[in-house]
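J.: okay, here's the prediction I keep looking at, along with the sequence it came from:
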Amino acid sequence: MSDERRFPRWVYGTGSDPDARFSLANERTFLAWIRTSLALLAGGVALEALALPVQPDLRFAAAVLLVALGVLAPVLAWISWARAERAVRQGTSLPAPSAFGLLVVGVVAAGGLVLVGMALA
């Protein structure tokens, strides 16, 4: 397939095709982010769906935070995949991870809300 027909063009339209192992490893990382997104969504839904002994307002805030992270994670995964694929195609250094901090802070915040909510219930 010619690079002009591959999407996104701003990734595939630059550099040359790398060893397939690098692209496949990048794809597996992308899919791991998607699995993480599904887990975040499931955790957020479960917090609200199950009758857990957590103060309701804090439980709801944690659920919303987890669902928001679950919606944001695939977007961040796509951007990370594209940046890494482009770097591999150009033969440059891989970019630094950009979304780890947001994910860590969000999950810690949601966990803190649940922990405090359990203590108050």
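T.: On my side now, so go ahead. Numbers count the residues shown, from 1 in each chain.
J.: can you pull the contacts of the residue nearest the centre of the chain?
T.: The centroid of the chain falls nearest to residue 73 when counting by C-alpha atoms, centre = their mean (2.7 Å). Residue 73 makes contact with 33, 34, 36, 37, 40, 99, 103, according to C-beta atoms under 8 Å, 6 or more residues apart in numbering. In short, each C-beta sits where N, CA and C put it, glycine included.
J.: helix or strand for it, which one?
T.: helix 56-90 (DSSP states H and E).
J.: distance between that helix and the chain's centre?
T.: Here helix 56-90 is found 3 Å from its chain centre; the criterion is C-alpha atoms, centre = their mean, to the nearest Å.
J.: now that helix: average pLDDT?
T.: Here helix 56-90 scores 96 as its mean pLDDT.
J.: just stretch 105-114 next, same as before
T.: 97.
J.: contact partners of it?
T.: So stretch 105-114 is in contact with 40, 43, 47, 54, 58, 59, 61, 62, 65, 66, 68, 69, going by C-beta under 8 Å, 6+ apart.
J.: how about 6 Å then?
T.: Contacts to stretch 105-114, defined as C-beta atoms under 6 Å, 6 or more residues apart in numbering, come from residues 54, 58, 61, 62, 65, 66, 69.
J.: most neighbours among those, which one?
T.: Ranked by the number of neighbours (other C-beta atoms under 10 Å), the contacts of stretch 105-114 place residue 66 first, at 27 neighbours.
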